[in-house]
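**Student:** Predicted structure and sequence below. I'll ask about it afterward.
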Amino acid sequence: MGLELYNTLTRKKEVFRPLKEGQVGVYVCGPTVYGHSHLGHAKSYVSFDVLVRYLRYLGYATTYVQNITDVGHLTDDADEGEDKLAMAAQREKMHPMALAEFYTQSYFEDMDRLNCVRPTISPRASGHMTEQVDLIKTLIEKGYAYEANGSVYFEVAKWADYGKLSGRNTEEMLSGTRVNVSAEKKSPTDFALWKKAQPNHIMQWSSPWGMGYPGWHLECSVMSMKYLGTSIDIHGGGLENQFPHHECEIAQSEAVHGAPFVRYWLHNNMVTVDGVKMGKSLNNFITLKEAFAGCHERLSQAYEPLAVRQLILNSHYRSPLDFSDAALHAALSGYNRITATVIAVRKKEGSAPEGPLDEQTNRELDQFRETFETAMNDDLNTSVALSVMFDLVRLANRLLAKDETTQRTLNAVDSMFRKLGGGVLGIVRETYTADRISAAEQNRLAKLVDALMQERKEARERKDFSEADRIRKTLTESDIAVTDEADGTSSWSFK
RNA sequence: GGCGGCGUAGCCAAGUGGCCUAAGGCGACGGUUUGCAAAACCGUUAUUCGUCGGUUCGAAUCCGACCGCCGCCUCCA
């Protein structure tokens, strides 16, 4: 059985078949770069990162496009509203483009730390202005859009399929009280393709309709079609974007080309912090940099980025995820367990005896791979896939305890860690280095620790255990773990 | 108000009609090991899946009611 994905369009799991044999185009709605990325971004982008990694694992040549929204759109569709990029720029006294650049770098930095593979293409909205204007022109020509007072709107009434993704109908929406009515629009449900800019609006571009800026939904249509074609295989994004963002994207795109815009719509669920929606006003807004550094009043410590990643993978992408200090702590413990085993396997590989691959182990590994793939094929059940990693850890530790375990056997185990834990889940690294401190500092520290370890060794030899324990306590308090081997030797490592 | 989702052990979480007398992780508790630890390994930790009814030979899984929680409907991942 192959990969099945839950398609929001049909509200059920469907067998995934790409448009072109062996090739997949994935588009994921990227961030608006007006602030540091937060835990919500992490869930979304880690989820889709795993999708891309798994598609590649299955052998698909996967093109992954993720936009960078560096154009300040208005925060609502009425004539009044705030431009969040411009607001942030004003607050930080920077040019909006400088601000966008700064937070774009910040975003990539955070995603790198979460071990998300870089998108194949990260197109900027600001760099695709002519394409956006062209798309609007076509929509006007085809009769789906109209100009009004320097702005251009999409006429929803002309597009019968509007609402097919989110399950809404325009009549219901019209009866709602929360749709702002703009005098320029023929209908309150019409949405902006181009907005006329006020003279004081910082980011604006010239167009056939005068100075202005593109509507919020336009860039994704334009950039996804430019780089992936008029029908793309997979479009991902957060659940909150289902409506209106994705609904509008579909209308714009399909009105232009007639072809189905997206074949599989994937939406990831939202995060909460300590049980409630994360929001700046709720004092539970945690950026990734804060989480990685432990600098937030709701966090008791710094969290290794891959532990954050592991927590995300512990639940399903379509389930809501609650971040709490306790949950992060539990994820970190589990992450450390996997990491310690992987390191131990790699360390012992060189010194293990020569010999054939253990048949029993080989069968178990095959079984693990099968369980893993079955889980991932079932709409990316990372929770079960992750459980396979723990099964692998247990197997590995049993093998490590046996002197007769061969190099080839350990190599096979390591290889499975790399392929499934590293390649697909992204929680196992290719190499492990203590990257928290520089090599020079590490060397100096190592000399001091070695000296203390020598003291402790001598204490133990003269059976002065209270002194030995005292030294160990000192080291433990400095996050240095001391391990005594059966043969009387001791070793240490950074926690 | 409209729409959607969720409620599984101390905590996180998979499972969504029989293989479930319910994965996995964290935690806790025993045991092995150890001078003592740590780590690791072995074992224990939900006869039960919010509550009450119903459908069925059979339900955590389907239906209904109720209780509780959350989200979307506004830029938001």
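**Tutor:** Looks like it arrived, so ask away. Residues are numbered from 1 along each chain as shown, chains lettered A, B, ... in the order given.
**Student:** so which helix or strand takes in residue A:351?
**Tutor:** Using DSSP states H and E, residue A:351 falls within no helix or strand.
**Student:** Return the distance of it relative to residue A:487.
**Tutor:** Counting by Cβ to Cβ, to the nearest Å, the gap between residue A:351 and residue A:487 amounts to 14 Å. From N, CA and C alone the C-beta is placed, and that goes for glycine too.
**Student:** Equivalent analysis for residue A:210, please.
**Tutor:** Counting by Cβ to Cβ, the gap from residue A:210 to residue A:487 is 81 Å.
**Student:** So which of these two has more stuff around it?
**Tutor:** Applying other Cβ atoms under 10 Å to residue A:210 and residue A:487 shows that residue A:210 carries more neighbours, namely 14 against 6.
**Student:** Helix, strand, or coil at that one?
**Tutor:** coil (DSSP: H, G, I helix; E, B strand; the rest coil).
**Student:** Could you do the one 3 residues further on as well?
**Tutor:** Judged by three-state DSSP, the three-state class of residue A:213 is strand.
**Student:** Now do the contacts for it.
**Tutor:** Contacts for residue A:213 (Cβ atoms under 8 Å, 6 or more residues apart in numbering) come out as A:71-73, A:194-195, A:197, A:201, A:203-205.
**Student:** go again using 7 Å as the cut-off
**Tutor:** Listed by Cβ atoms under 7 Å, 6 or more residues apart in numbering, the contact set of residue A:213 reads A:71, A:195, A:197, A:203-205.
**Student:** Who wins on neighbours among those residues?
**Tutor:** Most neighbours among the contacts of residue A:213, by other Cβ under 10 Å: residue A:71, with 26 neighbours.
**Student:** Skip ahead from the host helix or strand of residue A:450 and say which helix or strand is next.
**Tutor:** If you go by DSSP H and E, residue A:450 is part of helix A:439-461. Downstream of helix A:439-461, the first helix or strand assigned by DSSP H and E is helix A:465-477.
**Student:** follow-up on the earlier one: out of the contacts of residue A:213, list just those in strands.
**Tutor:** Those of the contacts of residue A:213 mapping onto strands are residue A:195, per DSSP state E.
**Student:** Could you dump the contacts of residue A:213 into CSV with pLDDT and distance to RNA strand B added?
**Tutor:** Converted to CSV, those look like this (pLDDT from 0 to 100; distance: Cβ to the nearest atom of the strand, whole Å):
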residue, pLDDT, distance to RNA strand B
A:71, 86, 10
A:195, 88, 12
A:197, 87, 17
A:203, 86, 14
A:204, 89, 17
A:205, 92, 18
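**Student:** Could you point out which of the contacts of residue A:213 is nearest to residue A:402?
**Tutor:** Closest approach between the contacts of residue A:213 and residue A:402, by Cβ to Cβ: residue A:71, at 60.3 Å.
**Student:** who in the stretch 251-400 of chain A is up against RNA strand B?
**Tutor:** Neighbours of RNA strand B within the stretch 251-400 of chain A, by Cβ under 7 Å from any atom of the strand: A:268, A:270-272, A:275-278, A:311, A:314-316, A:319-322, A:324, A:326-327, A:329-331, A:333-334, A:337, A:340-341, A:378, A:381, A:383-384, A:386-387, A:390-391, A:393-394, A:397-398, A:400.
**Student:** again, only this time at 6 Å
**Tutor:** With Cβ under 6 Å from any atom of the strand as the criterion, the stretch 251-400 of chain A comes near RNA strand B at residues A:270-272, A:275-278, A:314-316, A:319-322, A:326-327, A:330, A:333-334, A:337, A:340, A:381, A:383-384, A:387, A:390, A:393-394, A:397-398.
**Student:** So which of those residues sit within strands?
**Tutor:** Assignment to strands by DSSP E places the following of those there: A:271-272, A:276-277, A:321-322.
**Student:** List buried residues within those.
**Tutor:** Buried residues within these, counting neighbours by 16 or more other Cβ atoms under 10 Å: A:271-272, A:321-322.
**Student:** and for whichever helix in chain A runs longest, what are the contacting residues?
**Tutor:** Counting by DSSP state H, the longest helix found in chain A is helix A:325-349. Defining contact as Cβ under 7 Å, 6+ apart, one finds that helix A:325-349 is touched by A:298-300, A:303-304, A:306-308, A:310-311, A:314, A:389, A:393, A:396-397, A:400, A:407, A:410-411, A:413-414, A:417, A:421, A:427-428, A:432.
**Student:** What mean pLDDT does it get?
**Tutor:** Averaged across helix A:325-349, the pLDDT comes to 93.
**Student:** Tell me which residues of that helix come out buried.
**Tutor:** Buried residues in helix A:325-349, defined by neighbour count with 16+ other Cβ under 10 Å: A:325, A:328-329, A:331-332, A:334-335, A:338-339, A:341-342, A:345-346, A:348-349.
**Student:** my guess is residue A:285 meets residue A:276, correct?
**Tutor:** No. Using Cβ atoms under 7 Å, residue A:285 is not in contact with residue A:276, being 11.2 Å away.
**Student:** Phi first, then psi, for residue A:142.
**Tutor:** Note on residue A:142: its backbone torsions stand at phi -80, psi 0 [degrees, to the nearest 10].
**Student:** helix/strand/coil for the nearest residue to it once chain neighbours are set aside?
**Tutor:** Ranked by Cβ to Cβ, 6 or more residues apart in numbering and with sequence neighbours excluded, the top spatial neighbour of residue A:142 is residue A:255, at 6.5 Å. Secondary structure, three-state DSSP: residue A:255 is helix.
**Student:** In this structure residue A:255 contacts residue A:138, no?
**Tutor:** No. At 8.7 Å, residue A:255 does not count as touching residue A:138 under the criterion of Cβ under 7 Å.
**Student:** Neighbour count: those two, which is higher?
**Tutor:** The residue with more neighbours, out of residue A:255 and residue A:138, is residue A:255; 23 against 15, by other Cβ under 10 Å.
**Student:** Would you quantify the distance from the more buried one to residue A:432?
**Tutor:** Counting by Cβ to Cβ, the gap from residue A:255 to residue A:432 is 52 Å.
**Student:** for residue A:465, same thing?
**Tutor:** Using Cβ to Cβ, residue A:465 is found at 32 Å from residue A:432.
**Student:** just residue A:59 next, same as before
**Tutor:** From residue A:59 to residue A:432 the distance is 28 Å (Cβ to Cβ).
**Student:** More neighbours: which of the two?
**Tutor:** Between residue A:59 and residue A:432, residue A:432 has the larger neighbour count (other Cβ under 10 Å), namely 12 against 8.
**Student:** who's in contact with the more buried one?
**Tutor:** Neighbouring residues of residue A:432 by Cβ under 7 Å, 6+ apart: A:339, A:343.
**Student:** residues near residue A:6, how many?
**Tutor:** Using other Cβ under 10 Å, residue A:6 has 19 neighbouring residues.
**Student:** Which parts of the stretch 351-495 of chain A are helices?
**Tutor:** Using DSSP state H, counting those that start in this stretch, the helices of the stretch 351-495 of chain A run over A:359-377, A:382-400, A:407-416, A:439-461, A:465-477.
**Student:** repeat for the stretch 151-300 of chain A
**Tutor:** Along the stretch 151-300 of chain A, the segments classed as helices by DSSP H, counting those that start in this stretch run A:170-175, A:218-228, A:247-257, A:288-293.
**Student:** Take those helices and write them to TSV, including mean pLDDT.
**Tutor:** What follows is those, written out as TSV (pLDDT from 0 to 100):
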stretch	mean pLDDT
helix A:170-175	59
helix A:218-228	93
helix A:247-257	90
helix A:288-293	93
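**Student:** domains for chain A, by residue range?
**Tutor:** A:4-268, A:273-424, A:439-494 (automatic domain parsing).
**Student:** and the last one, how far from the chain's centre?
**Tutor:** Here domain A:439-494 shows a centroid-to-chain-centroid distance of 39 Å under the convention Cα atoms, centre = their mean, to the nearest Å.
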